[in-house]
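[1] show me the folded form of this:
(chains A and B)
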Amino acid sequence: MVGFPSEFGPKADSNFRVLIDEKFDGQFLTSERIWVPVINETIEKWNGISGSTWSFDTIGLTDKAPDDEDGETTIAACGFQFDCPDSVPTLPLGTAANQTILAVTLIFEDDSRFRSITDSDVFSNPEIPFWTQPSTAQIDFATVLIHELGHVIGLGHNDNCVVGPTVMESVVGLGEIRRDLFSAETEGARFLYPDGSAPAIRIFDSESTLRFESAEGLPAPFGQEIHIYGVRGGRWLSEPSQNWVRVKPPKGTFLLDSQIEIEVDTTRLGPGDHTATVALTLEDPGPPPGTLPPGIDPNPATLAQNVPGPPAIVQIEVYIEPKPAVGVEPKLSRQGIVNGANFTSQSLAPGSLFSLFGERLGASTDQAGAFPLPTTLGGTQVLVNAVEAPLLFVSANQINGQVPYGIAAGRGGFIVRTGVGLTDSIPIDLLETAPELFLLENDQAVVLNSDFTLNTPDNPAEQGSKVSVFFSGQGPVDPPVASGRPAPFSPLSHVVGEPGAEVGGLDAKVFFMGLTPGFAGLAQADVEIPTGLFRQFPIRLSIGGVENSKLGFVSVKE
Amino acid sequence: MRVIRRFSLFLLLAGTLAASTVLRVNFAYLSRSAHHIVAGRVTSITADKDPATGYIFSKVTLSVSEAVPSSLLGREYSFRMIGGELEGKRLYIADFPRFQAGEKVVLFLNSQTAGVFGPTIGLWQGVFFVEQDVSTGAETVTDYKRRPIIGVRDRQLLRGAPREKTSSADLTIGGGATSGSPANSLRTNEFFDQIRVHRALPVAAVPGR
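    Next up, the predicted model:
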């Protein structure tokens, strides 16, 4: 994963002249006289990054106030309205109102579409007890400065986004030292200011190899989406190595990242393994001003950073299952159609998650990778009353999916279709609503306590607290959600029928019952645990009077 | 044998883009240290060039619907802060949230808002947004990254997953962020109840503990 570009475009000339506030040259805040060497050393950390053209040129000391239009970076000892103090700030930290902010970087950007950085200035907070060799009650100045200089070149915070150490984390702790760049930052500098030695287009690592599987005689599988990104304004092109590979769209312009879909026409391939590549490159050279397409600014930064480098490569692997011998058609067990929440109840309703069990149901093990959920997965389809069902998981013996919305309640049938043939139609009675709880071992219901930890006998809910109970089989919802699509966060989709809940035989207040946002086919009931209960109690949900057929249990604190 | 296979309920990873370093502050510190805590709708934002410094500054005006202390309640309140957009050019404290006219915010304001270190306690840590659920009309509070605030425990805010963009794999069982539905998010009045409780607590020596 690349370092994280901020919302600003890169600086056009890959360089800032740096001025250092002359107050640092002397006994600023401490008796130490090593501030300027520390600053210079920190600045140098950003210079000479392999693969990046970025450089800071340190001009020297200045007595000039920072200016947002001088095109230079000033490292200021104090902000305006903050006179530099004559003594070390008081401890402990936090006793003064402004002792929570260590430093800020002000970034000035031009008025072009791509918002190039034209000026950046760094202000350290004079109320913070900075030190160059900090104790556990002090803040390391170099750790803060190297971070701020990252902002100066156009990197943003990467809190919670980078695994491992990074200097661009926004929070610095007492005594904490991070004075060296880590891979996220160096990669970020290469991304924003490439020298042409590495691909200028990046592919999310997990998507640089795509695998397609199909079987002889089956239609081509769905395309797969990947995310690529490059410096804003860069125009990219794709070039597949084989004519059975198609990229949609085949070219485009980065506004930061782009999503492309890669399809393979497996109907043109024989059984066995096949490989191909898609090369992604930036146009070289960037088009001169005046020939840019409509809507693209002739921004110097756009052109300066349009260094193509070698192509980024997407590897494509395809496997075509040979047509099997006759007599191995899929077989669906008569008792093998169950509610996906607990695998025991056969109660299903439109929108329910289901599980099917049988033999030779899938040529391979496969699971859906994105919304909307596919209706063909690993070459397998499930027809519910002749309507293709969205699928989550397929293997030889088990299929998980969602009963399509829009199917009328009543007598219905399930058919599994593979590349070999069809199963018999297995009859089932579809209900209007069929709420069934997700269950764990010992019939423990899947319930999240008010602190969002899993409810267990060792982690019971408080009496009177709100918990979330997860189930499937909610039936019709308002507003409706399409089959295989995730439920929206706003507005929430509520069950249409009258919601009810009981815990331990006592009525429980229902705050919300409907689809869980961001998921397909999953529903939740947010209910209040009645007071007066403790230990384990059965929980029952109802929608329009229809209750879950299999009880689940919730644990309540004494 | 039936293999219990979890339903993989996945979403595309949400890209996160993200300048300034801060000490982490807890909710009690935010509540205790803020000069004013105001909730209200942003009614106007105007920018000018500060003659003293040459930097762009903005005047942000709120129609105050809730406040601690309550002296600002029901009034129009304006504060001045560094940054803004003027004649197409923009100046910002990197990563500080942008305010937009019409949106509702909760701000933990410094006594001096126009300094280079931003208008709020702990920069973005002192900025919250108020969102209205269209189905229930409930107004609930999110942090600056639009993660719903679902409670306060041990002086720390509990947050759910962002409502607009979610990265999630499988049904998260055993902790982690949840969807933060309006039913379990703090409403604005509940959030201010917590502010009043925590404003009465003594401030810890270190802001984040």
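[2] for the longest helix belonging to chain B, C-alpha coordinates in CSV please.
    Ranked by residue count and defined by DSSP state H, the top helix of chain B is helix B:188-199. Output in CSV follows, covering the C-alpha atoms of helix B:188-199 (Å, rounded to 0.1, in the frame of the first residue of the first chain):
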residue,chain,number,x,y,z
THR,B,188,-27.4,15.3,20.4
ASN,B,189,-29.2,15.9,23.7
GLU,B,190,-27.6,12.7,25.1
PHE,B,191,-24.2,13.8,23.9
PHE,B,192,-24.6,17.1,25.7
ASP,B,193,-25.8,15.3,28.9
GLN,B,194,-22.4,13.4,28.7
ILE,B,195,-20.6,16.7,28.2
ARG,B,196,-22.1,18.2,31.3
VAL,B,197,-21.3,15.1,33.4
HIS,B,198,-17.7,15.0,32.1
ARG,B,199,-17.2,18.8,32.4
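[3] and that helix, how far from the chain's centre?
    Centre-to-centre, helix B:188-199 and its host chain are 14 Å apart (CA atoms, centre = their mean, to the nearest Å).
[4] same check, this time on stretch A:361-368
    On CA atoms, centre = their mean, the centre of stretch A:361-368 falls 25 Å from the chain's centre.
[5] for chain B, name the helix or strand with the lowest mean pLDDT.
    strand B:20-22 (a mean of 64; mean pLDDT, DSSP states H and E).
[6] can you tell if whatever helix or strand comes next after it touches chain A?
    Next in sequence after strand B:20-22, counting helices and strands by DSSP states H and E, comes helix B:27-33. Yes: contact of helix B:27-33 with chain A (CB under 8 Å from any CB of the partner chain) involves B:29, B:33. Quick note: C-beta positions are derived from backbone N, CA and C, even for glycine.
[7] helices and strands around helix B:27-33, which ones?
    Here helix B:27-33 touches strand B:104-109, helix B:188-199, going by 3 or more CB pairs under 8 Å, 6 or more residues apart in numbering or on different chains; DSSP states H and E.
[8] residues of the stretch 301-450 of chain A that sit close to chain B?
    Taking CB under 8 Å from any CB, the part of the stretch 301-450 of chain A that reaches chain B is made up of A:340, A:343, A:353, A:357, A:367-371, A:392-393, A:395, A:397-398, A:400, A:438, A:446, A:448, A:450.
[9] filter these down to the buried ones and hand me the PyMOL line.
    In PyMOL, a selection of the buried entries from those looks like this (16 or more other CB atoms under 10 Å in any protein chain shown):
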select buried, chain A and resi 340+343+353+357+367+368+371+392+393+395+397+398+400+438+446+448+450
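[10] in the stretch 51-200 of chain A, which residue sits closest to chain B?
    residue A:151 (2.7 Å; CB to the nearest CB).
[11] could you verify that that residue is part of a helix?
    Yes: under DSSP: H, G, I helix; E, B strand; the rest coil, residue A:151 falls within a helix.
[12] burial measure for it, as a count.
    Neighbour count for residue A:151, taken as other CB atoms under 10 Å in any protein chain shown: 27.
[13] same check, this time on residue A:47
    The burial count for residue A:47: 14, using other CB under 10 Å.
[14] name the helix or strand for it, please.
    Per DSSP H and E, there is no helix or strand for residue A:47.
[15] ok, now which ones touch it?
    A:54-56 (CB atoms under 8 Å, 6 or more residues apart in numbering or on different chains).
[16] make JSON lines out of these and add pLDDT, secondary structure and distance to chain B.
    Formatted as JSON lines, the contacts of residue A:47 follow (pLDDT from 0 to 100; DSSP: H, G, I helix; E, B strand; the rest coil; distance: CB to the nearest CB, whole Å):
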{"residue": "A:54", "pLDDT": "92", "secondary structure": "coil", "distance to chain B": "16"}
{"residue": "A:55", "pLDDT": "93", "secondary structure": "strand", "distance to chain B": "19"}
{"residue": "A:56", "pLDDT": "95", "secondary structure": "strand", "distance to chain B": "16"}
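[17] can you say which of those residues are buried?
    Neighbour counting by 16+ other CB under 10 Å classes A:54-56 among these as buried.
[18] returning to that earlier point: wait, the residue of the stretch 51-200 of chain A closest to chain B sits on residue A:105?
    Yes: if you go by CB atoms under 8 Å, residue A:151 and residue A:105 touch, sitting 4.0 Å apart.
[19] for residue B:30, which non-adjacent residue is spatially closest?
    Nearest residue to residue B:30, sequence neighbours excluded (CB to CB, 6 or more residues apart in numbering or on different chains): residue B:108, at 4.9 Å.
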